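> Starting from these lines, generate the structure:
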Amino acid sequence: MTENESAIVRKFRKELNSGTVSLVLLATLDQATAPLYGYQIAKQLEEKAEGGVPVKQGTLYPILRSMNDNGLLGSSVEPSVSGPPRKYYTITEQGREVLATWKSEWMSTRDFVDAVLKGDIG
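Numbers count the residues shown, from 1 in each chain. Take a look at the predicted model:
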């Protein structure tokens, strides 16, 4: 792959990920059995991903803060025995409602894209 092709792929991946990271974060917190802090969320995503996580750990924190500010997540800060205090996140009821809507939108978009890529639309 040429340097230009590599740059194009990175740009496409960034654009694609910008809309899906929030959906993945909400789904991860919805499935959690206990509040999670950022590093735990990142590790869970790494475990679920094959071939690497499509989002860097550093980009998770601004998205978590934004979703917290918008009422989709709740948070609490707790002391840590191994460093600074940690901010733990949970999904709110509003977050669950938004997640349901986003899941539906994702599935519709995924189905449309799959159909176009297979040549089923035209």
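> quick one: secondary structure of the most centrally placed residue in the chain?
Of all residues in the chain, the one closest to the mean position by Cα atoms, centre = their mean is residue 21, 2.7 Å from it. Of the three states, residue 21 takes helix according to DSSP: H, G, I helix; E, B strand; the rest coil.
> tell me the contacts of it?
Residue 21 sits next to 55, 59-60, 63 when contact means Cβ atoms under 8 Å, 6 or more residues apart in numbering. The way it works is simple: take the backbone N, C-alpha and C, and place the C-beta from them, glycine included.
> Just give the nearest non-adjacent residue to residue 1, would you?
Taking Cβ to Cβ, 6 or more residues apart in numbering, and ignoring the residues beside it in sequence, residue 1 has residue 9 as its nearest neighbour in space, at 7.3 Å.
> what's the burial count for the one you found?
The number of residues packed around residue 9, counting by other Cβ atoms under 10 Å, is 11.
> again with residue 86
A total of 17 residues lie near residue 86 under the criterion other Cβ under 10 Å.
> where's it relative to residue 10, distance?
Using Cβ to Cβ, to the nearest Å, residue 86 is found at 31 Å from residue 10.
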